[in-house]
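Engineer: sequence unavailable; structure follows:
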């Protein structure tokens, strides 16, 4: 059962890194000059959601192990 929490945490981390890589890619910025202005707040929001998810999942994981 505990291995499932590890899998979930790893998936959240991979999703966060993937989101940042796609959002900050040169190809995205070249395709639309207004990209940085329009999506900066979205990137901050997504990053905050991923960070909150990691904190909550880690807290649950620690509670289960104790």
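Structural biologist: Perfect, thanks for sending it. Remember, it's a predicted structure, so these values are computed and weren't measured experimentally. Numbers count the residues shown, from 1 in each chain.

Engineer: count the residues that sit near residue 16.
Structural biologist: 17 (other C-beta atoms under 10 Å). For the C-beta atoms, the positions are set from N, CA and C on the backbone; glycine is no exception.

Engineer: what's the helix or strand hosting it packed up against?
Structural biologist: Using DSSP states H and E, residue 16 falls within helix 2-23. On a contact count with 3 or more C-beta pairs under 8 Å, 6 or more residues apart in numbering; DSSP states H and E, helix 2-23 meets helix 35-65.

Engineer: about what we covered before: enumerate the positions of the helix holding residue 16 that are buried.
Structural biologist: Within helix 2-23, the residues that qualify as buried are 5, 9, 12, 16, 19, 23, counting by 16 or more other C-beta atoms under 10 Å.

Engineer: quick one: least confident helix or strand in this protein?
Structural biologist: helix 26-31 (a mean of 72; mean pLDDT, DSSP states H and E).

Engineer: related to what we said a few turns ago, now the buried residues of helix 2-23 in a markdown table, with pLDDT and distance to residue 56?
Structural biologist: Below are the buried residues of helix 2-23 laid out as a markdown table (pLDDT from 0 to 100; distance: C-beta to C-beta, whole Å):
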| residue | pLDDT | distance to residue 56 |
| --- | --- | --- |
| 5 | 77 | 11 |
| 9 | 82 | 10 |
| 12 | 84 | 10 |
| 16 | 83 | 14 |
| 19 | 82 | 18 |
| 23 | 76 | 22 |
